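**Q** sequence first, predicted model second:
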Amino acid sequence: MDETQRSFLDELLTTPSPTGYETAGQRVWIDHVAEFADEVRTDEYGNAVAVLDGGDPEIAITGHADEIGFIVRRIDEDGFIHMGRLGGSDRTVTRGQHVTIHGDEPVSGVVGQNAIHLRDTGDDEYDEIREQRIDIGAEDDESAQELVEVGDPITFSSTVEDLQGTLVSARGMDNRVGTWVAAETLRAAAEADVDATVYAVSTVQEEVGLKGAQMVGFDLDPDAAVAIDVTHATDYPGAPSDRTADIELGDGPVISRGTTNHPVVVDAVRQAADESEVDVQLEAAGIRTGTDADAFFVQQGGIPSLNLGLPNRYMHTPVEVIDTDDLTASVELLAAFADRASEYEEFSVDV
């Protein structure tokens with residue numbers, strides 16, 4: 001990953017983009033892809049599509065822009081903020097964290113936690129998020145309401161941290177890394193002058209039901225779609241290996257097989273991996289992928305779709321960990337797939 005690519009990744013990760021409030025993050029993405037796309041457009045909800053016009057077939061490479069977070073539910077008379085969930089926020093990691101409330105101006109706060117001295121630790125339980133309170137230091141409700149409104153989004157205030165080697169930790173890897181791969185795949189496809197039309201897509205509101213992908217899939221109707229999203233790496237102590245595949249950071253992107261994942265697209269991407277000498281891992285999807293691929297593949301009578309996973313430790317926490325080598329490998333793989341997509345008149349099963 002070169003300096004420009006890393007700078008783009010860092011800007012994506014440090015720009016708040018909670019579900020339903022993705023505008024700032026989408027602007028970062030749009031400004032980046034505009035440098036090499038033939039066209040960039042958005043829809044009414046902020047889904048962003050960058051186009052590289054190269055004729056048939058048409059391939060969509062997608063990631064979702066939104067991150068999990070919280071929302072201001074009410075402000076009590078003592079000036080404390082009551083919060084609700086945006087997406088799959090985890091009640092076990094919220095206490096004792098710094099957060100930022102994104103109103104007209106950012107407001108810093110902390111999610112309160114009783115000191116260990118004041119708790120009976122034998123009876124510790126995790127409060128539901130709706131029962132937890134944010135302390136912004138306000139004296140009362142009136143002073144809090146001058147800074148914060150009901151409906152303001154909230155994110156953890158974590159930063160991007162380099163770990164050893166090529167590992168990086170931050171909140172919101174899910175799924176800023178996917179939108180990064182989509183954008184950089186478009187750049188690589190443009191540099192290679194591929195014989196296909198490539199759409200790089202950054203969707204909204206994936207974390208609350210794949211909403212943006214439903215909108216985009218209906219509108220674009222591509223010949224094939226690859227939805228890039230994080231998947232669970234299980235290469236750390238205590239990982240529940242009985243609930244997922246054996247996925248490791250740094251061993252390459254993860255090709256999902258089964259259900260949503262169209263077998264012809266799966267084979268095409270695997271062949272592209274072989275030809276470009278990109279290592280990949282496999283993952284089974286026996287019911288669904290849980291990603292935007294599940295929304296794309298049922299649009300317009302069926303869009304051949306694939307979920308490509310990016311290994312991620314500690315998903316839906318403020319300290320998600322990825323390996324940047326997996327990101328650059330994914331770009332190389334998907335650019336190779338786009339380059340050979342013209343070999344397929346259509347992506348359909350032979351019945």
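**A** In hand now; what should we look at? Numbering: from 1, shown residues only.
**Q** quick check, central residue of this protein?
**A** Asn175 (1.2 Å; Cα atoms, centre = their mean).
**Q** can you give me the helices for the stretch 51-200 of the chain?
**A** For the stretch 51-200 of the chain, the helices defined by DSSP state H, counting those that start in this stretch cover 141-145, 173-192.
**Q** including mean pLDDT, could those go into a markdown table?
**A** What follows is the helices of the stretch 51-200 of the chain, written out as a markdown table (pLDDT from 0 to 100):
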| stretch | mean pLDDT |
| --- | --- |
| helix 141-145 | 97 |
| helix 173-192 | 98 |
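**Q** mind putting these into CSV with distance to Ile228?
**A** From N, CA and C alone the C-beta is placed, and that goes for glycine too. As requested, the helices of the stretch 51-200 of the chain are arranged in CSV below (distance: least, Cβ to Cβ, whole Å):
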stretch, distance to Ile228
helix 141-145, 40
helix 173-192, 4
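**Q** most packed of those helices?
**A** Highest mean neighbour count of those: helix 173-192, a mean of 26 (counted as mean count of other Cβ atoms under 10 Å).
**Q** and for the closest residue in space to Gly252 that isn't next to it in sequence, the neighbour number?
**A** Spatially, and ignoring its direct neighbours in sequence, Gly252 is nearest to Asp279 (3.8 Å; Cβ to Cβ, 6 or more residues apart in numbering). When neighbours are counted by other Cβ atoms under 10 Å, Asp279 registers 13.
**Q** also Gly290?
**A** Other residues close to Gly290 by other Cβ under 10 Å number 15.
**Q** does it sit in a helix, a strand or a coil?
**A** At Gly290, secondary structure determined by DSSP: H, G, I helix; E, B strand; the rest coil is coil.
**Q** re earlier: go ahead and confirm the residue nearest to the centre of the chain touches Thr62.
**A** No: between Asn175 and Thr62 there is no contact under Cβ atoms under 8 Å: 9.8 Å.
**Q** residues shared between the contacts of the two?
**A** Common contact partners of Asn175 and Thr62 (Cβ atoms under 8 Å, 6 or more residues apart in numbering): Ile228.
**Q** just checking, Gly88 touches Gly290?
**A** No: using Cβ under 8 Å, Gly88 is not in contact with Gly290; the gap is 10.0 Å.
**Q** host element of Val331?
**A** helix 324-340 (DSSP states H and E).
**Q** now do that helix: which elements does it pack against?
**A** Under the contact criterion of 3 or more Cβ pairs under 8 Å, 6 or more residues apart in numbering; DSSP states H and E, helix 324-340 touches helix 3-14, strand 58-64, helix 173-192, strand 224-232, helix 263-276, strand 305-312.
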